[in-house]
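> sequence and predicted structure are below.
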Amino acid sequence: MPVWVCGEVADLKINASGHCYIELIEKNEKTGATEAQARATIWRSQVMSTVGRFEQETGQRLAKGMKILFKATVSHHAVYGMSLQIQQIDALHTLGDMERRKQEAIARLPQKQRLVFNMKYYEEMKYEEISAILDTSVGALKASYHIAVKKIEEYLSKAD
């Protein structure tokens, strides 16, 4: 019987036969220490429909550090022990987690960088419009936006 499981991808390998092997972990939110781990497999016959669909829906490659919600069956092998056979990955769960992490990164920006980033990125305003509102030169706004993007990227890469 399939069950829904949530975990963070700690390692991911697709071998020559086309099977996808994933090491999953659960971390303590406060300490970051690993509290649980499990092995999962996506068989070659399901890699394209599962991983391909996930990547198409999220616009991201399934990768180390992502938190995923997936439907799997539990199996046991005498030599290899317990493992999960992934049947489906919920892309919306991962997109929600990615957006939450991005919002955390944005919230850490200094106020002016956060304001410029939000106006340019979310409101899709032109630098000239932002310049008129904030009474700041276009050059300074471009620099502020560039620095904000770099800080967000750094934060997100450290969170992985």
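Perfect, I can see it now.
> next, count neighbours for the nearest residue to residue 88 once chain neighbours are set aside.
Distance criterion C-beta to C-beta, 6 or more residues apart in numbering; nearest residue to residue 88, sequence neighbours excluded, is residue 71 at 4.3 Å. C-beta here means a position set from N, CA and C on the backbone, and glycine is covered the same way. By other C-beta atoms under 10 Å, 16 other residues sit near residue 71.
> neighbouring contacts of whichever helix or strand residue 72 is part of?
Assessed by DSSP states H and E, residue 72 sits inside strand 67-77. If you take C-beta atoms under 8 Å, 6 or more residues apart in numbering as the criterion, strand 67-77 is touched by 1-9, 40, 54, 62, 82-90, 93-94, 97.
> after it, next one along is what?
Heading C-terminal from strand 67-77 (DSSP H and E), you reach strand 81-90.
> not counting sequence-adjacent ones, nearest residue to residue 97?
Closest to residue 97 by C-beta to C-beta, 6+ apart is residue 67, at 4.6 Å.
> so how far is residue 27 from the one you found?
Using C-beta to C-beta, to the nearest Å, residue 67 is found at 10 Å from residue 27.
> anything in contact with each of those two?
Common neighbours of residue 67 and residue 27 (C-beta under 8 Å, 6+ apart) are residue 8.
> picking that back up, beta partners for the residue nearest to residue 88?
Note on residue 71: beta-bridge partners residue 4, residue 88, judged by DSSP bridges.
> which helices and strands sit right next to the longest helix along the chain?
Using DSSP state H to define each element, the chain has its longest helix at helix 138-159. Using 3 or more C-beta pairs under 8 Å, 6 or more residues apart in numbering; DSSP states H and E, the elements in contact with helix 138-159 are helix 91-107, helix 111-117, helix 127-134.
> and the longest one, average pLDDT?
The one in question is helix 91-107. Per-residue pLDDT over helix 91-107 has a mean of 88.
> what's the closest non-adjacent residue to residue 57?
Using C-beta to C-beta, 6+ apart, the closest residue to residue 57 is residue 91 (3.7 Å).
> with residue 141 as the reference, measure out to the residue sitting furthest away from the middle of the chain.
Here the chain reaches farthest from its C-alpha mean at residue 135, the gap being 36.0 Å by C-alpha atoms, centre = their mean. Distance of residue 135 to residue 141, given as C-beta to C-beta: 11 Å.
> checking residue 61 next. Helix, strand or coil?
Secondary structure, DSSP: H, G, I helix; E, B strand; the rest coil: residue 61 is coil.
> go on, residue 39?
Residue 39 - assigned by three-state DSSP - is strand.
> before I go, just wanted to say thanks for your time.
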